[in-house]
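[1] okay, predicted coordinates and the sequence, questions at the end:
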Amino acid sequence: MGMPAAKQGDRVTAVDLHLIQPLNGPTVTVPHAFSGVLTQQLSPDVRIMGRAAATVGSVAVNTPPHLPQGGLFVNPPANRGTVTAGSARVRINGRAAARSGDSAQTCADPPNPGGKVVAAGTVRIGG
C-alpha cells in the first residue's frame, strides 16, 4: 500500500556515534541522538499536503545540534542528515521520492547509514 510520503517539516532520526577527546585519556565513542527537520534540498514545485516534497538528497538539520559530552569532538559534527534512499518507482523532479522508513546518512563519525526518515500523513508512495 505504500509508506507515508516525506515532506518539509518531517524528520530524520538516528543515534550518531561521535569520537570525543576527553581532557585526560584516550578518545571514546559517545552516542548522540539525531533528530533533524527536513528543510533543505526539497522539491521546488511539488507539494504534499501543502508542503514541499522530500526526495533523495533532501537534508534535515539536527535540532538541537550535538554537544560534546566529557571533552571535545575529534571531528566536529555537521549536524545534517541527507536522505539516501527512496521509492524505486516514484520520482519527483528526477529524484526518488522519500518516504517514512527510507534511509538517511547523518553526521556519525565514522559515517553509517543508520538514519531513518520519519513521516506521517495521508499521501502514500509505493515501491
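    Arrived safely, thanks for sending.
[2] in stretch 45-54, which residues are buried?
    By neighbour count on 16 or more other Cβ atoms under 10 Å, the buried set for stretch 45-54 is 48, 51-54. Where you see a C-beta, it was placed from the backbone N, CA and C, and this is true even at glycine.
[3] in a markdown table: those, plus secondary structure and distance to N75.
    Shown next, in a markdown table, are the buried residues of stretch 45-54 (DSSP: H, G, I helix; E, B strand; the rest coil; distance: Cβ to Cβ, whole Å):
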| residue | secondary structure | distance to N75 |
| --- | --- | --- |
| I48 | strand | 35 |
| R51 | strand | 33 |
| A52 | strand | 31 |
| A53 | strand | 32 |
| A54 | coil | 27 |
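[4] give me the contact list for the host helix or strand of L19.
    Here L19 sits within strand 11-21, counting by DSSP states H and E. Residues from elsewhere that reach strand 11-21 (Cβ atoms under 8 Å, 6 or more residues apart in numbering): 27-38, 60, 66, 68-75, 77, 81, 83, 104, 106-110, 112, 114-119.
[5] please narrow the residues you listed to those residing in helices.
    Counting by DSSP state H, none of the members of the contacts of strand 11-21 fall within helices.
[6] which among these end up buried?
    30, 32, 34, 36-38, 60, 66, 68, 71, 73, 77, 81, 83, 104, 106-109, 114-119.
[7] follow-up on the earlier one: ok, the strand holding L19: who's next to it in the sheet?
    strand 28-40 (antiparallel), strand 72-73 (antiparallel), strand 115-118 (antiparallel) (DSSP bridges).
[8] would you mind giving those strands as TSV with distance to G2 and mean pLDDT added?
    Shown next, in TSV, are the strands paired with strand 11-21 (distance: least, Cβ to Cβ, whole Å; pLDDT from 0 to 100):
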stretch	distance to G2	mean pLDDT
strand 28-40	18	97
strand 72-73	39	96
strand 115-118	14	98
